[in-house]
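K.L.:
build the 3D model from these lines:
(2 chains)
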Amino acid sequence: MATFFGEVLSVYSRAVEEDDDELDENEEDEQIRRELEEKREVHLHWSPEVSESLKSGNKLQCSDFILAVGQNASSFLSVHILSTPNWDTIGRASAWNERSRAVTGQGCEESACVFYRRKDNPTVLICQVSCYVAEDQLFQWTEKVFDCLQLRELNVTVLSDTSVADYKTADYLGGSSAPFLRSLHTSAFGDQPVCQSLEQPNIVTGLAAAVLNHCQVHRIAAVVYQCYSDVIGPDSVTMETYKPVLTKLGRSIQLDPSPSTDALRKFVRTTDLQSNLYI
Amino acid sequence: MFISSQSSAPSFRDFTLVMPAVAVGNVGQLAVDLIVSTLNMSRVGHIHTDCLIPMAGNNPYASSKEDGEELHTPAEVYAAAELKLAVLQIRAPILQSKTKKFRQMLVSWIKSSGFSRTVVLSSSHAYQRDDQQLQGTPLRYLVTPSLLKGSADALKELGWREMERVPAFPGLTDGNTEPRLCIPGGGITKGLYTDSCKEDLPLAVLLLFCSEGDNIPDAFALANHLNDWLHLLDDNSKQPNKWKIPTSWSLLFGNGIPPALF
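P.N.:
Numbers count the residues shown, from 1 in each chain, chains lettered A, B, ... in the order given. Sure, this is the predicted structure:
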């Protein structure tokens, strides 16, 4: 496209990428593509006991599945729920993509997406996802995880972090309103959410959306609590925004309602050096 | 694949299917929004697939608080039985690596559902028009041979312009420059059209040349164009604004402005 000054700019569309006419791929291209796809596959690694159970055809009995997507959501669960010694680590998921750090060994992946099960009530499952799951992996992650769960009378709660910059509203949001919660639930969800419903024209994307889609289509009761925050990275004020959700979760899970500041401090890193750009 | 949201699977036999292609300006999708919103169509199912980027939101066609809190997914099917009309709305981009799979899935669903005809609403980059296409109406159509058999008269009466085939290398007067179909910015439109020709499906494409920007007028133009053929709205008064804008069409260009800015 030419502009008034005579320069030619390449035009891009917000909807479609330039589609290349499907060229006949030779075998080498096909193989590379296949290998890349295999590398990007989502893998679930369960503990031996759980793997045995799944192999013999018994899915995980689950009445409550709580998923935390993002650092603040994960840290909130760590501080308020996982701090009691009642939880077993039963597995983790790995999803390699362009944002995975190129660190060899299991150490890095270990902390990125972990599943916990309550010792005295094994139908309560928690999953913390603090790594990035790419757009093409979201559906696969959701299908693989829910494939392992017994779906009858399952209640799903998702806590998800997002930036307030993504929140669309007609009234300008002054700095004081963030962080705040909005909810979205499936038709099968019969309870009352603890906060306001997400207004038009806002939407939810990412893992929370993939889980909601799956639950809506398979008629599972699910609710997403999306926390809009103006701080990138772990922050105690943002974490506290999820507190109202505890009233709902507290019915099936024993909670630590007032964690010590030491526990909070462990999860809130002081700003890393690379973000001291303007100091 | 299609999953019904009701207790039993709906029947689409002999229905007309209208669907958008995710294309430049999202015009097809906006036009479909207008159709669903104006005709107050009810959702009958979801297309649950790994080919689309997941997203979720509340009811984009909510007219009151009661129906506002209903979850909607990236690809849903709406139906109006009295008009024998089914509409597929696609709200999310198709993953680059899965476009072929998505097209194949759509073609097989269209076949198995028994739609009497399918209309794809699409768009193409306006800046890539050649000299001929710059003149006259920006609207074009395409039909597969299967649909041409039944609708040739109707199309002739409407006086529509068929999408031109362009030479592969404009300017080169080579022996190999056989004109071919080219829909830049049309997403899966061309692929869907050629697949439908191969599978002998009755399919039509209605497209509009446009650029990215405020595409609401383009959506109206496309919806009116479709209405001239299918007569979805039986509003005989020549009102320009017979389409109902859904509530989700707000804040398309950003938030409210901070008062402190001035």
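
K.L.:
list of residues touching the strand or helix carrying B:S108?
P.N.:
B:S108 belongs to helix B:99-113 when assigned by DSSP states H and E. Applying Cβ atoms under 8 Å, 6 or more residues apart in numbering or on different chains, the external contacts of helix B:99-113 come out as A:19, A:22, B:1-2, B:12-13, B:15, B:17, B:19, B:47, B:49, B:51-52, B:86, B:94, B:118, B:187-188, B:191-192, B:195-196, B:199, B:201, B:203. Using the backbone N, CA and C atoms, a C-beta is placed for each residue, glycine as well.

K.L.:
just the CA trace of it, in CSV.
P.N.:
Extracted in CSV, the C-alpha atoms of helix B:99-113 (Å, rounded to 0.1, in the frame of the first residue of the first chain):
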residue,chain,number,x,y,z
THR,B,99,-6.0,-24.4,8.4
LYS,B,100,-6.2,-27.5,6.2
LYS,B,101,-7.5,-29.7,9.0
PHE,B,102,-10.2,-27.0,9.8
ARG,B,103,-11.3,-26.8,6.2
GLN,B,104,-11.6,-30.6,5.9
MET,B,105,-13.5,-30.8,9.2
LEU,B,106,-15.9,-28.1,7.9
VAL,B,107,-16.5,-29.8,4.6
SER,B,108,-17.2,-33.1,6.2
TRP,B,109,-19.6,-31.5,8.7
ILE,B,110,-21.4,-29.7,5.9
LYS,B,111,-21.7,-32.9,4.0
SER,B,112,-22.9,-35.0,6.9
SER,B,113,-25.5,-32.4,8.1
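
K.L.:
okay, which residue is most central for chain A?
P.N.:
In chain A, the centroid-proximal residue (Cα atoms, centre = their mean) is A:V69; its distance is 2.6 Å.

K.L.:
tell me the contacts of that residue?
P.N.:
Counted by Cβ under 8 Å, 6+ apart, A:V69 has contacts A:129, A:158-161, A:206-208.

K.L.:
B:P138: which of these is nearest?
P.N.:
Set against B:P138, the nearest of the contacts of A:V69 by Cβ to Cβ is A:G206 (36.5 Å).

K.L.:
show me what contacts that closest one?
P.N.:
Counted by Cβ under 8 Å, 6+ apart, A:G206 has contacts A:69, A:133, A:138, A:160, A:162, B:54.

K.L.:
now, the contacts of helix B:99-113 that are in strands?
P.N.:
Those of the contacts of helix B:99-113 mapping onto strands are B:2, B:17, B:19, B:47, B:86, B:118, B:203, per DSSP state E.

K.L.:
ok, the residue lying closest to B:P258 once chain neighbours are set aside - contacts?
P.N.:
By the measure of Cβ to Cβ, 6 or more residues apart in numbering or on different chains, the closest residue to B:P258 outside its immediate chain neighbours is A:Y172, 4.2 Å from it. Residues in contact with A:Y172, defined by Cβ under 8 Å, 6+ apart, are B:255-259.

K.L.:
most neighbours, which of the residues you listed?
P.N.:
If you count neighbours using other Cβ atoms under 10 Å in any protein chain shown, the busiest of the contacts of A:Y172 is B:N255, which has 14 neighbours.

K.L.:
tell me which helix or strand the residue nearest to B:D200 when sequence neighbours are not counted sits in.
P.N.:
Counting by Cβ to Cβ, 6+ apart, B:D200 lies nearest to B:S146, which is 5.0 Å off, once chain neighbours are set aside. In this assignment (DSSP H and E), B:S146 forms part of helix B:145-158.

K.L.:
so what touches that helix?
P.N.:
B:117, B:141, B:143, B:196-197, B:200-204, B:228-229.

K.L.:
where in the chain is the helix or strand with the lowest mean pLDDT?
P.N.:
Defaulting to chain A. Lowest on mean pLDDT, DSSP states H and E among the helices and strands of chain A sits helix A:107-110, with a mean of 44.

K.L.:
not what I meant, chain B
P.N.:
That would be, for chain B by mean pLDDT, DSSP H and E, helix B:145-158 at a mean of 87.

K.L.:
for it, buried residues please.
P.N.:
By 16 or more other Cβ atoms under 10 Å in any protein chain shown, the buried positions in helix B:145-158 come out as B:147, B:155.

K.L.:
from the chain's centroid, how far away is it?
P.N.:
19 Å (Cα atoms, centre = their mean, to the nearest Å).

K.L.:
how about low-confidence regions in the chain?
P.N.:
You didn't say which chain, so I picked chain A. Where chain A drops to pLDDT under 70, the residues are A:1-2, A:18-25, A:102-111, A:173-176, A:252, A:254-279.

K.L.:
wrong one, chain B
P.N.:
B:173-177, B:235-241.

K.L.:
SS state for B:S8?
P.N.:
coil (DSSP: H, G, I helix; E, B strand; the rest coil).

K.L.:
what distance do you get for it to B:V44?
P.N.:
B:S8 sits 10 Å away from B:V44, going by Cβ to Cβ, to the nearest Å.

K.L.:
same deal with B:K198?
P.N.:
B:K198 is 28 Å from B:V44, by Cβ to Cβ.

K.L.:
same question for B:I90.
P.N.:
For B:I90, the distance to B:V44 - Cβ to Cβ - is 16 Å.

K.L.:
so between the two, which is more surrounded?
P.N.:
Taking neighbours as other Cβ under 10 Å, B:I90 and B:V44 compare with B:I90 leading, 23 against 20.

K.L.:
got phi/psi on the more buried one?
P.N.:
Main-chain torsions, B:I90, degrees, to the nearest 10: phi -110, psi 120.

K.L.:
next one: phi and psi at the closest residue to it other than its chain neighbours?
P.N.:
Excluding the flanking residues, the one nearest B:I90 by Cβ to Cβ, 6+ apart is B:A75, at 5.0 Å. Per-residue torsions, B:A75: phi -140, psi 120 (degrees, to the nearest 10).

K.L.:
and the stretch 1-150 of chain A, which residues reach chain B?
P.N.:
Residues of the stretch 1-150 of chain A found near chain B (Cβ under 8 Å from any Cβ of the partner chain) are A:1, A:11-19, A:22, A:33, A:37, A:135-136, A:138-140, A:142-143.

K.L.:
out of the contacts of helix B:145-158, which is most surrounded?
P.N.:
Among these, B:S196 has the most neighbours (other Cβ under 10 Å), with 27 neighbours.

K.L.:
residue contacts, it?
P.N.:
B:S196 neighbours (Cβ under 8 Å, 6+ apart): B:107, B:110, B:118, B:144, B:146, B:203.

K.L.:
B:K190 now?
P.N.:
B:181-183.

K.L.:
mind checking which of the residues you listed land in helices?
P.N.:
Residues of the contacts of B:K190 located in helices (DSSP state H): none.

K.L.:
which of these has the largest number of neighbours?
P.N.:
Neighbour counts for the contacts of B:K190 (other Cβ under 10 Å) peak at B:I183, which has 25 neighbours.
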